[in-house]
Structures are given as C-alpha cells and as structure tokens.
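In: This is a predicted model, with the sequence first.
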Amino acid sequence: AAKHCVSGCGYTGATQTPRIDDLSDISKSIDGANRSKESIVEKSRDRNFATVAVTATETIVQEAPEPRGIPVFGTLLSFILSGGPKRQHEYVDRRHKELGSIYRERLGPITAVFVNSTHEFRRVFRLEGSAPKHFLPEAWTLYNETRKCRRGLLFMYSNVCQQCINGILKRNFCFNRDGEEWIYFRKILNKVMLVPDPTNLMFQPCQDAAVELREKWQKQIKTDAVITNLQVQLYQWSIEAMMATLMGSCWHCYKQQLSRDFEVLAEVLHKIFEYSAKLSVIPAKLAMTLRFPVWRKFVASADTAFEIVRTLVPEMTKLGGDGLLKKMMDEGIRAEDAICIVTDFILAAGDTTATTLQWTLLLLCNYPEKQEELFEQLKDLPQRNLLRVPLLKGVIKESLRLYPIAPFISRYLPKDSMIGNYFVPKGELLVLSLYSSGRDAANFSQPNEFLPERWIRTEKGTYQGVMHPHGSLPFALGARSCIGRKLAEIQISLALAELVKSFKIECINKDQVKLILHLISVPSKSIKLKLTERI
C-alpha cells in the first residue's frame, strides 16, 4: 500500500500492510466516522502498527519517513561525510528537502523527529506541558554529575534523569515528576526579567557597556584600523553588560575588583561549545570512560569557566547593589540558588549575545547600503529613543532569522501526540529546524537576502515579505521561551547603535566566513572588521 503524507511534504513510499485483525479493529472503531484522533493515537502505540485510519474518508496516521541507511551505521556515515556536527544545519535542511517537513533520523547516539513547519512549531509548544523538557548534551549532564554541580534554569527540567539520557534510543523516559523546582524559579524570574518595560533595570548598564566598547575601539583604531580578536572582545563586552545589569548602579565601584578574570573567561567559554559539538557524535560516556582528548579538553574548559564564575557570584551577593541580582533575591531567591542561576546567566550571555552581534555586524558589512540607512536613522536620536527605531529592531530580527543562535530547538512531549499527522510517542525527541524554516521561501520572500525592512509593520499592521512570522523563533515560544530575551535585545540594540553611529564598518574577510555549529551558530573564521571613525 502507498503511504501519503498529509502534512503537505509530498512524501510517498511503501509502508507496512496492516494485519487482518488490526483492520477489523479499525472498522469497528471508525463506525459512524466519529472516532477521535486521540483514541487512534492510543491504538497506534504499537510501533508495528504503521498505518491506521483516523476518519472514514481521508486522514491516515503513520510513522514519519526516515532516510535509508546501511546496516549497523544507519546514516551516520552520510552525516559525517556531509561535514558532521559543524554542518548539521545544512545536512538537516537537505533531509527536509528530500523527505518533507517532518522526518525521523538517528544521528550518532540520538534519534529524533525533525520538524520544519510553522504550524507544527506552534503545536509542539502547545503540547509541551507546564514544565517543558528539552534535550541537553550528554557531555554536560555527565560533567554535572561527576563534578556534583547544581545548575540554573537550563538544567532544571523534571525527570529526565541520567538513566533516561543513557536510554534515549530505547525511549524509556520516566515522566514521573512535574518540574516544581523549574516552575518555582521560572515564575520568579518572569516577574523580574519579562516585565512589560524592563528598561529602567537594564538600559543604563547596557548603554554603559556599549559606550565602553565604542571607546575601546576608538583607541585601538588609532594604531590599527582592523579589530583583532573580535570574538573575545565581544565576549568580554557581553559578560560585562550582564554583570553590570546584575549589580546595578554600584557596578562601577566594584568593576575593577570583579572583572579581573573576564579575558580568561571569554577565551574558554566558546571552547565549551566547540568541544560539546565534537562530543555529540560519539557516546560521551565512552569518551569520559576512555578519557578521550576531546573529553579532557571539555572538562578543563568547563572547570576554568565555573571556577571563575562561582567565585564571582558570591562576591556579588555580598557587595549588594540595586540591580537584577537584588531584584531576584527580593523576590525570594536564596543566595545559594542565586549562585546557580546567575552562573548560567553569565555563561550563556557570554556566548549568545556576543555571537549575535558578530553576525549582525557581518551582515551590515555585506549590505553597506543598509548600514548607511541605519546610521541616518540613528545619528541624531537621543539615547532613550534608540530602542524604538523600527529599522534597528528589523536589523536584529533579520540577523537572527538568517543566523539563529540556536538553529534547533528541542522538546520531549509528555504524551503520545500527533505532529503533522505523524505519530510521535511520549518521550521521543522532537527537534524544530529553525535554520531551515528561517530560510524557507514558503515563510519569507527572498529568504537568503538580508532585508531588515521586512520586519517593519505596514499601516495595516502586517509585514512585507513575511508570510509566516513563526518561521523565525530565535527565542522560542511557550513556557520555556528564552528568559533573557528582553535583556539580550536591549544589550545588542544599544551596542549596535553605538557602533554604527560612531564607525563606518567593513569586513576584510567577509567571503571567507560561513556558518558552522558548535552547538550554537558561530562564524567559521574570525571576523576581521575594519573601522573608519565617522566625523
């Protein structure tokens, strides 16, 4: 029998013929054509039951298509020959074009259902539950266990224990807790970080960090117009902006005392992601047991980063201040819990916002007319009005569409579910392919072009050239959307505005820079910016 994908992906192929007993059960169940989809999902838990009727007329429930592999290795060799973890975004994009908007594949030690559909994105977020569960690299969970680390919000998801992570291929997750710890802290942080207007708390620290970066570069270009070691410098800027926001107005009093190790921290942060990516294609437990060089380097980088940050945070709590850290503790977060949460804030901010700013600067170099247009709109504005400039917002949104920091978002659904009319059992890993959806012509006209004006609303309140805005979800949606979204947007906006107002920015190696993955999207080569000060 032929199997037809009703999700619109156009996939057809051979499928398993149901047994006579199954067909008899089906005909009873659909008598009157009023059997619900949910009942059919219950019936289809048997993995051998490949195709069942949902209604008496047309809808077919089936397994997601899978690429052909070879015995034992599956598709792993194809994955490695396509570039491995560094090129996973391109590999998955090609699979979507081959198999459709939804497919299942085993990559290395992980099996997942990959999704590229804005409609199904929204459905996944609706089905994720009150305490959503996401995938964490096995290397990170092993590190936390061996070092006995308590971590922040990223690691506070209920019930996916190490036994479960080791059994991903068997899908034997034990959903037996309901995430009270994560829910408790997330509700508190929502009050502090996702308030409608957070600018009173976040604007001045981020603006001060932006001005300091601009002044630093003005001094540097007097001797060399090319900014060296851009990645590390932006990491330092991002960490400083986060620290200033946490401390508030007293940051300047203690800055010299607290920032002594920022350069070392900036150096090791991206190494953690680089080594994590390499460990994603081999069983991390094996790498740990046999002490592979990549495991030892990962552990050394993580040890250095945590030693620095876990020394900083207790100092910050003792020094007080009127910033974000005080607001968190005023809401009831204890000092020992604040250390775990703030540690992850600093580590995450150092990589994500710094890398986003790199990509945005590169795009403005590639499209100098957009850079000049942005300069004209910013040059005479007072500081407090910068965040209201539609083109500035559009530049950042367009950068995140083309270069999403997280090219994939993962979720484990708490119940058997239907995704695009494909059956996905409870506990199976779902991966939302944001790189593919952001460059899909069905979602955006001229999808590979940098067109920030597409995000400026018309008089009718619509976008031009954006058919499906949810094709770009850099901060995700739902209960587990990015807690640092507003801080990241303010931080990047103010730094970008300060730099564009002060310099004409060029990239002298723009043709050599490509997107690769170190779990997040990073430049393949160090971006070399040439700055000319504006008069």
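Out: Arrived safely.

In: which residues of the chain score low on pLDDT?
Out: 1-61, 154-178 (pLDDT under 70).

In: which stretches of the stretch 351-500 of the chain form strands?
Out: 408-412, 417-419, 422-424, 429-433 (DSSP state E, counting those that start in this stretch).

In: Check which residues of the helix or strand hosting residue 313 are buried.
Out: Assigned by DSSP states H and E, residue 313 falls within helix 293-319. Using 16 or more other Cβ atoms under 10 Å as the test for burial, helix 293-319 gives 294-295, 297-299, 301-302, 304-306, 308-309, 312-313, 316-317. (Each C-beta comes from the backbone N, C-alpha and C, glycine too.)

In: Residue 387: which of those residues is nearest?
Out: Checking the buried residues of helix 293-319 against residue 387 by Cβ to Cβ gives residue 316 as the nearest, at 26.3 Å.

In: Would you enumerate the residues in contact with that closest one?
Out: Listed by Cβ atoms under 8 Å, 6 or more residues apart in numbering, the contact set of residue 316 reads 243, 246, 247, 258, 325, 342.

In: Closest to residue 448 out of these?
Out: Using Cβ to Cβ, the contacts of residue 316 come closest to residue 448 at residue 243, 37.1 Å.

In: measure that closest one to residue 478 for me?
Out: As judged by Cβ to Cβ, to the nearest Å, residue 243 and residue 478 stand 29 Å apart.

In: Show me which of these two is the more surrounded one.
Out: The neighbour comparison of residue 243 against residue 478 (other Cβ atoms under 10 Å) goes to residue 243, with 26 against 18.

In: Isn't that one up against residue 346?
Out: Yes - Residue 243 is within contact range of residue 346, at 7.1 Å (criterion: Cβ atoms under 8 Å).

In: tell me, what's touching those two both at once?
Out: Taking Cβ under 8 Å, 6+ apart as the contact rule, residue 243 and residue 346 both touch residue 312.

In: Show me what the helix or strand that the helix holding residue 313 is followed by is packed up against.
Out: Heading C-terminal from helix 293-319, the first helix or strand you meet, by DSSP H and E, is helix 324-330. On a contact count with 3 or more Cβ pairs under 8 Å, 6 or more residues apart in numbering; DSSP states H and E, helix 324-330 meets helix 180-193, helix 199-220, helix 230-247, helix 293-319, helix 335-366.

In: go again using 6 Å as the cut-off
Out: helix 230-247 (3 or more Cβ pairs under 6 Å, 6 or more residues apart in numbering; DSSP states H and E).

In: Can you point out the buried residues in the helix or strand just after the helix it packs on?
Out: Where DSSP H and E defines the elements, the next helix or strand beyond helix 230-247 is helix 251-258. Neighbour-count burial for helix 251-258 flags 251, 254, 255, 258 (criterion: 16+ other Cβ under 10 Å).

In: For the residue minimising distance to the centre of the chain, which non-adjacent residue is closest in space?
Out: Per Cα atoms, centre = their mean, the C-alpha nearest to the average position across the chain is that of residue 406, at 2.7 Å. Computed as Cβ to Cβ, 6 or more residues apart in numbering, the closest residue to residue 406 that is not its neighbour in sequence is residue 520, at 6.2 Å.

In: Kindly report the same for residue 325.
Out: Using Cβ to Cβ, 6+ apart, the nearest residue to residue 325 is residue 246, at 4.4 Å.
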